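**Student:** Can you look at this prediction? I've put the sequence above it.
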Amino acid sequence: MRWVLKKFNELSPDELYALLRLRAEVFVVEQTCAFQDLDNKDQASYHLLGYVQEELAAYTRLVPPGISYAAASIGRVVTSPAFRRKGLGKALMQESIERCERLFETRTLVIGAQCYLQTFYESFGFVRSGEIYLEDGIEHIEMTHQR
(Lines give C-alpha, C1' and ligand atoms only; values in the text may rest on other atoms or scores of the structure.)
Protein backbone atom coordinates (compact mmCIF):
# COMPACT_ATOMS: atom_id res chain seq x y z
CA MET A 1 0.00 0.00 0.00
CA ARG A 2 1.14 3.48 -0.83
CA TRP A 3 -0.58 6.16 1.21
CA VAL A 4 -1.22 9.69 -0.02
CA LEU A 5 -2.68 12.33 2.31
CA LYS A 6 -3.87 15.64 0.87
CA LYS A 7 -6.10 18.56 1.68
CA PHE A 8 -8.99 19.04 -0.73
CA ASN A 9 -7.33 21.86 -2.66
CA GLU A 10 -4.17 19.75 -3.12
CA LEU A 11 -5.97 16.90 -4.86
CA SER A 12 -5.35 16.61 -8.58
CA PRO A 13 -8.42 16.35 -10.84
CA ASP A 14 -7.59 12.65 -11.40
CA GLU A 15 -7.31 11.95 -7.65
CA LEU A 16 -10.59 13.74 -6.94
CA TYR A 17 -12.33 11.86 -9.74
CA ALA A 18 -10.99 8.50 -8.49
CA LEU A 19 -12.09 9.03 -4.90
CA LEU A 20 -15.55 10.30 -5.87
CA ARG A 21 -15.93 7.39 -8.29
CA LEU A 22 -15.00 4.88 -5.57
CA ARG A 23 -17.40 6.46 -3.08
CA ALA A 24 -20.22 6.35 -5.64
CA GLU A 25 -19.38 2.77 -6.65
CA VAL A 26 -19.75 1.52 -3.07
CA PHE A 27 -22.06 3.91 -1.22
CA VAL A 28 -24.53 4.61 -4.03
CA VAL A 29 -24.41 1.67 -6.44
CA GLU A 30 -23.34 -1.32 -4.31
CA GLN A 31 -25.39 -0.30 -1.27
CA THR A 32 -28.27 0.88 -3.49
CA CYS A 33 -28.53 4.08 -1.53
CA ALA A 34 -29.37 7.34 -3.22
CA PHE A 35 -27.87 10.02 -0.99
CA GLN A 36 -26.10 13.36 -1.20
CA ASP A 37 -22.44 12.29 -0.96
CA LEU A 38 -21.17 15.80 -1.68
CA ASP A 39 -21.99 17.39 1.67
CA ASN A 40 -19.60 20.38 1.77
CA LYS A 41 -17.31 18.62 4.28
CA ASP A 42 -14.74 17.54 1.69
CA GLN A 43 -13.29 21.03 1.32
CA ALA A 44 -12.38 21.27 5.04
CA SER A 45 -11.09 17.70 5.28
CA TYR A 46 -7.98 15.71 4.55
CA HIS A 47 -8.22 12.83 2.13
CA LEU A 48 -6.30 9.60 2.71
CA LEU A 49 -5.89 7.59 -0.46
CA GLY A 50 -4.43 4.07 -0.44
CA TYR A 51 -2.99 2.81 -3.70
CA VAL A 52 -2.08 -0.67 -4.83
CA GLN A 53 0.27 -0.03 -7.71
CA GLU A 54 -1.48 2.89 -9.42
CA GLU A 55 -5.07 1.97 -8.58
CA LEU A 56 -7.06 3.57 -5.74
CA ALA A 57 -7.85 0.64 -3.46
CA ALA A 58 -8.94 2.34 -0.22
CA TYR A 59 -9.97 5.78 0.97
CA THR A 60 -11.08 7.75 4.04
CA ARG A 61 -11.97 11.34 4.74
CA LEU A 62 -10.31 12.78 7.86
CA VAL A 63 -12.54 15.49 9.24
CA PRO A 64 -11.25 18.19 11.62
CA PRO A 65 -13.00 18.81 14.96
CA GLY A 66 -16.13 20.94 14.76
CA ILE A 67 -17.25 19.83 11.28
CA SER A 68 -19.12 16.54 11.77
CA TYR A 69 -18.67 16.23 15.55
CA ALA A 70 -17.01 18.23 18.30
CA ALA A 71 -14.08 15.80 17.99
CA ALA A 72 -12.13 14.87 14.86
CA SER A 73 -13.67 12.08 12.82
CA ILE A 74 -13.03 9.54 10.13
CA GLY A 75 -15.65 9.19 7.43
CA ARG A 76 -16.40 7.79 3.99
CA VAL A 77 -14.38 4.66 4.88
CA VAL A 78 -14.27 2.58 1.72
CA THR A 79 -12.31 -0.26 0.16
CA SER A 80 -12.64 -0.99 -3.54
CA PRO A 81 -14.57 -4.21 -4.23
CA ALA A 82 -11.63 -5.32 -6.40
CA PHE A 83 -9.33 -5.27 -3.33
CA ARG A 84 -11.49 -6.71 -0.56
CA ARG A 85 -10.56 -9.65 1.65
CA LYS A 86 -6.87 -8.69 1.56
CA GLY A 87 -6.66 -6.80 4.87
CA LEU A 88 -6.75 -3.36 3.26
CA GLY A 89 -9.69 -2.20 5.38
CA LYS A 90 -7.73 -2.89 8.55
CA ALA A 91 -4.64 -1.16 7.19
CA LEU A 92 -6.81 1.78 6.10
CA MET A 93 -8.38 2.25 9.54
CA GLN A 94 -5.07 1.93 11.37
CA GLU A 95 -3.47 4.50 9.07
CA SER A 96 -6.52 6.80 9.40
CA ILE A 97 -6.46 6.70 13.20
CA GLU A 98 -2.73 7.44 13.32
CA ARG A 99 -2.99 10.27 10.79
CA CYS A 100 -5.94 11.87 12.64
CA GLU A 101 -4.09 11.77 15.94
CA ARG A 102 -1.07 13.53 14.40
CA LEU A 103 -2.96 15.99 12.17
CA PHE A 104 -5.45 17.15 14.75
CA GLU A 105 -3.28 16.56 17.85
CA THR A 106 -6.02 14.55 19.49
CA ARG A 107 -6.57 11.20 21.14
CA THR A 108 -10.36 11.31 20.68
CA LEU A 109 -12.12 10.38 17.44
CA VAL A 110 -15.81 9.95 16.67
CA ILE A 111 -17.35 8.05 13.77
CA GLY A 112 -20.84 7.38 12.50
CA ALA A 113 -20.52 3.68 11.68
CA GLN A 114 -22.88 1.50 9.72
CA CYS A 115 -24.21 -0.90 12.36
CA TYR A 116 -23.13 -4.06 10.55
CA LEU A 117 -19.51 -2.84 10.91
CA GLN A 118 -19.66 -2.23 14.67
CA THR A 119 -17.47 -5.27 15.48
CA PHE A 120 -14.91 -4.20 12.86
CA TYR A 121 -14.57 -0.75 14.44
CA GLU A 122 -14.50 -2.22 17.96
CA SER A 123 -11.38 -4.14 16.91
CA PHE A 124 -9.62 -0.73 16.69
CA GLY A 125 -10.80 0.39 20.12
CA PHE A 126 -13.96 2.26 19.11
CA VAL A 127 -16.85 1.92 21.57
CA ARG A 128 -20.52 2.61 21.07
CA SER A 129 -21.33 6.13 22.26
CA GLY A 130 -24.84 6.69 20.93
CA GLU A 131 -28.10 5.11 19.92
CA ILE A 132 -28.84 3.54 16.57
CA TYR A 133 -30.07 6.06 14.02
CA LEU A 134 -31.07 5.93 10.38
CA GLU A 135 -28.96 7.78 7.85
CA ASP A 136 -30.04 7.49 4.24
CA GLY A 137 -32.07 4.39 5.13
CA ILE A 138 -29.10 2.56 6.70
CA GLU A 139 -28.74 1.92 10.44
CA HIS A 140 -25.75 3.72 11.96
CA ILE A 141 -24.23 4.01 15.41
CA GLU A 142 -22.00 6.73 16.83
CA MET A 143 -18.72 5.31 18.11
CA THR A 144 -15.83 6.95 19.98
CA HIS A 145 -12.13 6.08 20.10
CA GLN A 146 -9.84 7.33 22.86
CA ARG A 147 -6.20 6.48 23.55
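**Tutor:** Looks like it arrived, so ask away. Please read all numbers here as calculations on a predicted model, not as lab measurements. Residues are numbered from 1 along each chain as shown.

**Student:** All the strands of the protein, residue numbers only.
**Tutor:** For the chain, applying DSSP state E gives strands covering 2-7, 46-52, 55-63, 72-79, 108-114, 127-128, 133-135, 138-146.

**Student:** out of these, nearest to Arg85?
**Tutor:** Nearest of the strands of the chain to Arg85, taken as C-beta to C-beta: strand 72-79 at 9.3 Å. For glycine as for every other residue, the C-beta is placed from the backbone atoms N, C-alpha and C.

**Student:** Listing partners with orientation, what would you give for that closest one?
**Tutor:** Strand 72-79 has these partner strands in its sheet, going by DSSP bridges: strand 55-63 (antiparallel), strand 108-114 (parallel).

**Student:** what comes into contact with the first one?
**Tutor:** Spelled out, it's strand 55-63. Residues outside strand 55-63 that contact it (C-beta atoms under 8 Å, 6 or more residues apart in numbering) are 1, 5, 18-19, 22-23, 41-42, 44-51, 69, 72-80, 82-83, 88-89, 91-93, 96, 99-100, 103-104.

**Student:** The helix or strand bottoming out on mean pLDDT in the chain pairs with which strands, and in what direction?
**Tutor:** When the helices and strands of the chain are compared on mean pLDDT, DSSP states H and E, strand 133-135 comes out lowest with a mean of 87. Paired neighbours of strand 133-135 in the sheet (DSSP bridges): strand 138-146 (antiparallel).

**Student:** tell me the mean pLDDT for the partner strand?
**Tutor:** Across strand 138-146, the average pLDDT comes to 93.

**Student:** Sort out which residues of stretch 46-53 are buried, please.
**Tutor:** Buried residues in stretch 46-53, counting neighbours by 16 or more other C-beta atoms under 10 Å, are found at Tyr46, His47, Leu48, Leu49, Gly50, Tyr51.

**Student:** Could you give the bridge partners of the fifth one?
**Tutor:** According to DSSP bridges, the residues that bridge with Gly50 are Trp3, Ala58.

**Student:** Could you report the distance from the most far-flung residue of the chain relative to its centre to Leu20?
**Tutor:** Using C-alpha atoms, centre = their mean, the residue of the chain lying farthest from its centre is Gln53. It sits 20.8 Å away. Distance of Gln53 to Leu20, given as C-beta to C-beta, to the nearest Å: 20 Å.
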